[in-house]
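Colleague: one predicted model, sequence on top.
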Amino acid sequence: MTVREVQDEIIRLKKENDFCILAHSYQTHDILEVADFSGDSYALSKLAKTVPNKNVLMCGVRFMAETVKMLSPEKRVFLSNSIAGCPMAEQMSSDYIRSVKEEYPDHTVVAYINTTAELKTVCDVCVTSSSAVKICSAIDNDKILFIPDCNLGAYVRDKLPGKSFKLLDGGCPVHAAIKREEVIQAKALHPDALFLVHPECVPEVSSLADYVGSTSGIMDFARSSDAGEFIIGTENSILEHLQYECPDKRFYPLSKRLICENMKATTLNDVLDCVRFAGGEEIIMEPELIEAARKCIDKMIEMGG
Ligand code: SF4
């Protein structure tokens, strides 16, 4: 079958089998074209709650499908490819964080949403990369234990000098691998381009940026900016999406290494298998786990995240 034929079959089957397809922005363009919604993981999870479909397919990684299930426990939620995990989300166990909490009992535990449901059960409040500064600022405690991403944590810490942050040795292996020298090289190659970066990169990289923000924030900035050229410091898929949306602008990758293999584990054929109930993985979570893990998401919502 051609790509177009596979896409047509997915569109036919998602209607027949009552699926809503969500695609994270790091998915390939052929998957975005058959999705009902694309964007950041938390925005997609909130959208999934509002759709009438009985089945939701998350094209992304496991913690994203778990978040969809936690917010819509009455729906059947599927992960497009069961090997698609997120190394950062799975870096720290709940037992490890319990032991750190014993050392820092007066700290509020803030979890980046890129964490497993199990880990969320021992945290006080979740944040996304776009809400982290706002939520941490509003927390009624000056002492914050921020997990798992020490780079996002350092970015938030630098914005909130009145608070003290305990950071642990965790982070996104894709973004954190980028070196300051690569930024200097990219800027030398494209001197007129603005440099937009995700706060999961190390501070030595983020500090050279014209804009630091979430994936959606980077995309919004590039769409609305009067500038014509951009160096993109996040997963390289979004260059392709931006180039489709803004054909008159130019987008350059900060590094060819900014590719998340887990996000790329899902193929268009995986999506086809899922919507005909012949592939992927249904996310099954005990009600007790959903209830315990949701508390920190509910707290984020309560705090305006
Ligand atoms: S880009 Fe990083 S944080 Fe995002 S899914 Fe891949 S490993 Fe996880």
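Modeller: Yes, it's here. Being a predicted model, the structure only gives us computed values, none of them experimental.
Colleague: where along the stretch 51-200 of the chain do the strands fall?
Modeller: All strands of the stretch 51-200 of the chain, identified by DSSP state E, counting those that start in this stretch, fall at 55-59, 76-79, 108-112, 125-127, 143-147, 164-167, 194-197.
Colleague: relative to residue 29, which of those strands is closest?
Modeller: Residue 29 lies closest, by CB to CB, to one member of those: strand 55-59, at 12.0 Å. In short, each C-beta sits where N, CA and C put it, glycine included.
Colleague: that closest one - what's its average pLDDT?
Modeller: Taken as a whole, strand 55-59 has an average pLDDT of 98.
Colleague: mind listing the strands that strand pairs with, and their directions?
Modeller: strand 19-24 (parallel), strand 76-79 (parallel) (DSSP bridges).
Colleague: same list (those) but as CSV, adding distance to residue 190, mean pLDDT and mean neighbour count.
Modeller: Converted to CSV, the strands paired with strand 55-59 look like this (distance: least, CB to CB, whole Å; pLDDT from 0 to 100; neighbours: other CB atoms under 10 Å):
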stretch, distance to residue 190, mean pLDDT, mean neighbour count
strand 19-24, 27, 98, 26
strand 76-79, 37, 98, 24
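Colleague: before we move on, back to that, and the strands of the stretch 51-200 of the chain as TSV, adding distance to residue 242?
Modeller: Output for those, formatted as TSV (distance: least, CB to CB, whole Å):
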stretch	distance to residue 242
strand 55-59	19
strand 76-79	26
strand 108-112	24
strand 125-127	25
strand 143-147	30
strand 164-167	31
strand 194-197	10
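Colleague: returning to what we had before: format the strands paired with strand 55-59 as a markdown table; extra columns: distance to the ligand.
Modeller: What follows is those, written out as a markdown table (distance: least, CB to the nearest ligand atom, whole Å):
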| stretch | distance to the ligand |
| --- | --- |
| strand 19-24 | 8 |
| strand 76-79 | 12 |
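Colleague: out of those, which is closest to residue 271?
Modeller: That would be strand 19-24 among the strands paired with strand 55-59, by CB to CB, at 6.9 Å.
Colleague: which bits of the protein sit near the ligand?
Modeller: Contact residues (CB under 6 Å from any ligand atom) of the chain with the ligand: 61, 86-88, 114, 172-175, 235, 260, 262-263.
Colleague: same thing but at 8 Å, please
Modeller: 26, 60-61, 86-89, 114, 149, 172-175, 200, 235, 260-263 (CB under 8 Å from any ligand atom).
Colleague: ok, residue 97 - contacts?
Modeller: Contact analysis of residue 97 by CB atoms under 8 Å, 6 or more residues apart in numbering lists 109, 119, 122, 123, 147.
Colleague: so what touches stretch 123-135?
Modeller: Here stretch 123-135 makes contact (CB under 8 Å, 6+ apart) with 40-42, 97, 108-113, 115, 120, 136, 139, 147, 152, 155-156, 159-160, 198-200, 213-217, 296-297, 299-300, 303-305.
Colleague: of these, keep whichever come out buried.
Modeller: By neighbour count, with 16 or more other CB atoms under 10 Å, the contacts of stretch 123-135 hold 40-42, 97, 108-113, 115, 120, 136, 139, 147, 152, 155-156, 160, 198-200, 213-217, 296-297, 299-300, 303, 305 as buried.
Colleague: thanks a lot, see you next time.
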